[in-house]
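Engineer: Next input, structure requested:
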Amino acid sequence: MDLGLKNKVVIITGGYSGIGEAIVRGVAKESGIPVIVGRWGERATLIENDLKQQNCDFLAVITELSQPEQCKNAIAQAVAKYGKINALVNNAGMNDGIGLENGSPEKFMDSLHHNLFHYYTMAHYALPFLKQENGNSIINISSKTGVTGQGGTSAYVASKAGQLGLTREWAVELLPYQLRVNAVVPAEVMTPLYEQWLNTFVNPQEKLAEITKRIPLGKRMTTPEEIADTVLFLISDRASHITGQHIFVDGGYTHLDRAV
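Structural biologist: Predicted coordinates:
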C-alpha cells in the first residue's frame, strides 16, 4: 500500500535501535525522509550505510535528548536541510527500574528527564513547523505499563502514563491546526533492550516462554516492524480522521483475558 509518505520529513527519536530503527527503515521504504535523532549506538553505522546503499535521503543528528538546547538544535538542523517537518515520532527511552523502594527522589526526576521530558521538548520546538501544513502529526510511543503498572519501576511508568496524558492534551490543543496526535502502546516487543533485560535471568529462554504464553494472539512477542507499520499508517493521510487515540499493538496482552 502506498501511504503517500514520499518526501515527507519524519523525525524519529531513538532511531538507532529497536522500535525506532524499524520506524526509520519503514519511513525510508515508503520513500519518506527519516531524521534520526538520538545517541550514537552500536547499530548506527550499519543503519546509515544501509540507507545510503538504498539511495535513501535521510539526516542523522546525534543528540542528548535530556538537553533542551540539543533538542532545539536537532529540529533546526532538520528544517535547515529540508525546510519542513511533517511528523514527529517521540520514541526514545528505557525502563530503568527506578522504583518507590529502590529509588530516590533524585533518581526519579532524572528518569523523568530521560523518558518524558524530551517528548514535550521535541514537540515544543517542532510545533511551529508542524503547524505549517494540514495533516501533519505527532506520535508518542508509550507502553502498556502506563496503563497497567509493572512493579518496581515508578519513574518509567509515570513517564509512560504522562505520554498518554500528553497525547490527549495535545490532540485537543492542536485541533485548530488540523494537527493530529496519537499514541502507540506496545507491550512485549523483542528489541535489543528487551533482550538485554532477558539476559539478566538465569534462564532467559525459560523467562521468554513464560512471557509469550500469556500473550493471547499467537503466543508470541510483537515485532518492532508491527509497531512501525502502525506508526506509518497513523502519520499517513490514510489516518486523516484519527486523533487523540491510544492504539494498543500488543496481541491483546493488555485488554484480553490472558488465560485464553
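
Engineer: Now do the helix or strand bottoming out on mean pLDDT in the chain: which elements does it pack against?
Structural biologist: Taking mean pLDDT, DSSP states H and E as the measure, the chain has helix 192-198 as its least confident helix or strand, at a mean of 85. The helices and strands touching helix 192-198, judged by 3 or more CB pairs under 8 Å, 6 or more residues apart in numbering; DSSP states H and E, are helix 18-29, helix 204-212. Every C-beta, even on glycine, is put in place using the N, C-alpha and C of the backbone.

Engineer: And the last one, what does it pack against?
Structural biologist: The one in question is helix 204-212. Helix 204-212 packs on helix 192-198, going by 3+ CB pairs under 8 Å, 6+ apart.

Engineer: Buried residues, the helix it packs on. List them.
Structural biologist: For helix 192-198, the neighbour count (16 or more other CB atoms under 10 Å) marks Leu193, Tyr194, Leu198 as buried.

Engineer: show me where the stretch 51-200 of the chain has strands.
Structural biologist: Using DSSP state E, counting those that start in this stretch, the strands of the stretch 51-200 of the chain run over 59-62, 87-90, 137-141, 180-186.

Engineer: For Ala80, which of those strands is the nearest?
Structural biologist: Ala80 sits nearest to strand 59-62 of all those, at 9.6 Å, using CB to CB.

Engineer: other SSEs contacting that closest one?
Structural biologist: Against strand 59-62 (3+ CB pairs under 8 Å, 6+ apart) you get strand 33-38, helix 68-82.

Engineer: Next, Thr13: phi, psi?
Structural biologist: Main-chain torsions, Thr13, degrees, to the nearest 10: phi -80, psi 150.

Engineer: what's the spacing between it and Thr191?
Structural biologist: The span separating Thr13 from Thr191 equals 15 Å under the rule CB to CB, to the nearest Å.

Engineer: Tell me which of the helices and strands packed on helix 192-198 is the most buried.
Structural biologist: Among these, helix 18-29 has the highest mean neighbour count (mean count of other CB atoms under 10 Å), at a mean of 25.

Engineer: Now do that one, average pLDDT.
Structural biologist: The average of the pLDDT scores along helix 18-29 is 97.

Engineer: Check stretch 99-117 too.
Structural biologist: On average, stretch 99-117 scores 96.

Engineer: Neighbours of the nearest residue in space to Lys160 that is not next to it in sequence, how many?
Structural biologist: In space, and not counting its chain neighbours, Lys160 is closest to Gly146: 3.2 Å by CB to CB, 6 or more residues apart in numbering. Residues near Gly146, counting by other CB atoms under 10 Å, number 21.

Engineer: Could you double-check that Gly146 lies in contact with Leu166?
Structural biologist: No: the pair Gly146 and Leu166 fails to qualify as a contact (CB atoms under 8 Å) at a distance of 11.0 Å.

Engineer: which residues touch Asp2?
Structural biologist: Glu30 (CB atoms under 8 Å, 6 or more residues apart in numbering).

Engineer: got it, and Pro204?
Structural biologist: Leu198.

Engineer: Also Ile36?
Structural biologist: Ile12, Gly15, Tyr16, Gly20, Val24, Ile47, Phe58, Leu59, Ala60, Val61.

Engineer: contact partners of the strand or helix carrying the first one?
Structural biologist: Element membership for Ile12 (DSSP states H and E) is strand 9-13. Outside strand 9-13, the residues that touch it by CB under 8 Å, 6+ apart are 20, 23-24, 27, 32-38, 63, 65, 74-75, 78, 82, 84-92, 118, 122, 126, 235.

Engineer: wait, what's in contact with the residue nearest to Lys160?
Structural biologist: Contacts of Gly146 (CB under 8 Å, 6+ apart): Val157, Ser159, Lys160, Ala161, Gly162, Gln163, Leu164, Val185.

Engineer: Scan those and report the most crowded one.
Structural biologist: Neighbour-wise, the contacts of Gly146 (other CB under 10 Å) top out at Lys160, 28 neighbours.

Engineer: Isn't that one up against Asn140?
Structural biologist: No: in this structure Lys160 lies outside contact range of Asn140 using CB under 8 Å: 9.4 Å.
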